[in-house]
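# could you work out the structure for the sequence below:
(2 chains)
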Protein chains: 2
Amino acid sequence: MPEKKLSTQPIGPRLEPDARRAHLLAVGATAFGAKPYDEVQIDQIAQSAGVSRGLLYHYFPSKRHFFSAIVQSGYDEILQATQPDPALPPSQQLRASLTAYLDYVESHPHTYRAIFRSAASPDQAIQDVVNRNLDLQAKRILATLGSRPSAKALKHLAIRSWLAFLVQAVLDWLDEGSRIPRRQLLDVCVGALAGSLAATEDGG
Amino acid sequence: MPEKKLSTQPIGPRLEPDARRAHLLAVGATAFGAKPYDEVQIDQIAQSAGVSRGLLYHYFPSKRHFFSAIVQSGYDEILQATQPDPALPPSQQLRASLTAYLDYVESHPHTYRAIFRSAASPDQAIQDVVNRNLDLQAKRILATLGSRPSAKALKHLAIRSWLAFLVQAVLDWLDEGSRIPRRQLLDVCVGALAGSLAATEDGG
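Have a look, this model is predicted:
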């Protein structure tokens, strides 16, 4: 296929380094979101992005580095998009953040899948990124609650566990073609967090 | 190390095939629970079990088959141990099953970690085992609720998501050396399920 060979030459637009990096991360997220890690081919991503394999490796020295950067950048975007609004009461802060979270999911389904499906990775470096970000999210939610110190460890466990609930709910919802109304999905997630946190108060 | 070499000969007890298979699964669960999938060495497991590498491969033709069998056998044990008691009212059935679940976790921490940590595997065959068993567990819980058909899809999503909550909670609890009282862990898990299911009733 000589024509195919020719088309593997860099043909993408000329971009500044930051924009190029962001473009590669976006193309990579789509690829890693669509199939399992092991089946993703770096060459194909370079081709889709219209760059040479060498240029891609210039930005990300290995497939693992690349994937790890995609996961981290997805988390950064989610954390940015779901920043709580301190002007609202805590329960409304959570609902507003969750609404923003689902907005992000709907506009970035590939990145979301790439992070949370492929991030079920046995690779320790990826696990570290996932755990660090889970903790960041949990601490942020914990901070909005102003919890009593005595139940902090239990609340932290409840919130981390609830984040796993949230991810599973959203992935199932995406897999079902979003047939369940978004409002109901949101209510179920809010209900799970409220129910688990209420239980931390009882025993406190 | 000639002495070492000698000791790699089969030295384990003579066992009937079913007992041998169960023994290999138990030794394997400990190995896969202790470190990531990629770092587990089949040779070491054979040596720990006192059998030859060939005998292990006689029971399980590949590392993936072996791991998959460990995961399935762990799920079987959990499903068996947590069988709901239909004589109890639904809320007590759940609490009784969860108590049995935590009993299992405490007596089989390695198997539990092997299933739920390493089962975060990009391997499709393992994912299929995990998903099939998640669905089995979710359907069993759903059946105890006698839910209205209209909210069934939403309840199924809530329960599957709650199972992810449960696994994360238990793994964190194990990692923390079970410093959080078991009773509080149980209350938080029951609270999360009750809260999410209550939300499925509101929207009807």
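# identify the residues contacting the residue of chain A found nearest chain B.
Per CB to the nearest CB, A:Gly195 is where chain A lies closest to chain B, at 1.9 Å. To be clear about C-beta, it is placed using only N, CA and C from the backbone, and glycine gets the same treatment. For A:Gly195, the contacting residues are B:191-196, B:198, by CB atoms under 8 Å, 6 or more residues apart in numbering or on different chains.
# same check on A:Asp172?
Residues in contact with A:Asp172, defined by CB under 8 Å, 6+ apart, are B:157, B:160-161.
# so it is in which element?
Here A:Asp172 is covered by helix A:152-175, with elements defined by DSSP states H and E.
# tell me what angle that helix forms with helix B:152-175.
Following axes from the mean of the first three to the mean of the last three CA atoms, to 10 degrees, one obtains 140 degrees for the angle between helix A:152-175 and helix B:152-175.
# for A:Pro109, grab phi and psi.
Taking degrees, to the nearest 10, you get phi -60, psi -30 for the backbone angles of A:Pro109.
# so for it, what's the pLDDT?
If you check A:Pro109, the pLDDT there is 89.
# next secondary structure element downstream of the one helix or strand in chain A whose mean pLDDT sits lowest?
Each helix and strand of chain A was given a mean pLDDT (mean pLDDT, DSSP states H and E); the minimum falls on helix A:2-7 at a mean of 43. Scanning forward in sequence from helix A:2-7 by DSSP H and E, the next helix or strand is helix A:17-34.
# show me where pLDDT drops low in chain A?
A:1-13, A:117-122, A:146-150, A:202-204 (pLDDT under 70).
# and it, what are its domain boundaries?
Domain segmentation of chain A under automatic domain parsing yields A:2-65, A:71-203.
# need the contact list for the closest residue to A:Leu197 other than its chain neighbours.
Using CB to CB, 6 or more residues apart in numbering or on different chains and skipping the chain neighbours, the partner closest in space to A:Leu197 is A:Ala158 (5.9 Å). Counting by CB under 8 Å, 6+ apart, A:Ala158 touches A:193, A:196-197, A:199-200, B:169, B:188, B:192.
# can we see that at 10 Å?
When contacts are counted by CB atoms under 10 Å, 6 or more residues apart in numbering or on different chains, A:Ala158 touches A:138, A:141-142, A:151, A:192-193, A:195-200, B:165, B:169, B:172, B:180, B:184-185, B:187-189, B:191-192.
# for A:Arg14, same thing?
Counting by CB under 10 Å, 6+ apart, A:Arg14 touches A:Arg20.
# nearest to A:Ser48 among the contacts of A:Gly195?
Nearest to A:Ser48 among the contacts of A:Gly195: B:Ser196, at 39.1 Å, using CB to CB.
# now that closest one: closest residue in space, sequence neighbours ignored.
That would be A:Ala192: by CB to CB, 6+ apart, it lies 3.8 Å from B:Ser196.
# pull the contacting residues for the one you found.
Here A:Ala192 is in contact with A:158, A:161-162, A:165-166, A:169, B:158, B:161-162, B:165, B:191-199 (CB under 10 Å, 6+ apart).
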